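1. Just to be clear, the model below is a prediction. Sequence and coordinates:
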Amino acid sequence: GKDKIIFATKEDHETPSSAELVADDPDDPYEEQGLILPNGDINWNCPCLGGMASGPCGEQFKSAFSCFHYSTEEIKGSDCVDQFRAMQECMQKYPDLYPQEDENDEKSSKDLEAASMEASAAKEEEASS
């Protein structure tokens with residue numbers, strides 16, 4: 001099968017290990033160094049991204065996130081609307097991989113929508129009277 005069982009003897013445990021520890025390379029992009037690497041680049045392998053950089057919408061995510069990260073606009077990321085829209089459109093094609101809302105969010109979202117419609121109707125009534 002796929003598993004292999006190895007038994008270690010008492011003698012195996014008495015022998016000092018010959019394993020060598022290698023010093024970490026601070027410029028190794030595959031090391032977990034957080035979201036931003038020392039050189040300022042995005043660490044696409046960071047577990048903090050939850051795998052968003054891979055998968056069917058990985059390229060759209062990378063494009064939108066890169067745009068935001070490097071944005072120099074006064075309202076950071078305001079120049080990235082098209083990239084975020086493309087990412088959202090891609091994610092909507094895969095609802096099982098990228099859930100849009102859970103049941104609690106859906107309820108509060110509908111409540112907000114209803115409240116917004118009521119407020120609009122109230123404003124219209126005020127304007128017409």
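-> Ah, there it is.

2. now the one helix or strand R85 maps to: mean pLDDT?
-> Under the criterion of DSSP states H and E, R85 resides in helix 81-92. The predicted model assigns helix 81-92 a mean pLDDT of 95.

3. What lies in contact with that helix?
-> Helix 81-92 has contacts (Cβ atoms under 8 Å, 6 or more residues apart in numbering) with P56, C57, Q60, F61, S63, A64, C67, F68, G77, L97, Y98, Q100. All C-beta atoms are positioned from the backbone trio N, CA, C, and that covers glycine.

4. go again using 7 Å as the cut-off
-> P56, C57, Q60, F61, S63, A64, C67, Y98 (Cβ atoms under 7 Å, 6 or more residues apart in numbering).

5. how about low-confidence regions in the chain?
-> 1, 17, 19-32, 101-129 (pLDDT under 70).

6. Helices of that one, residue ranges please.
-> 10-14, 58-70, 81-92, 103-128 (DSSP state H).
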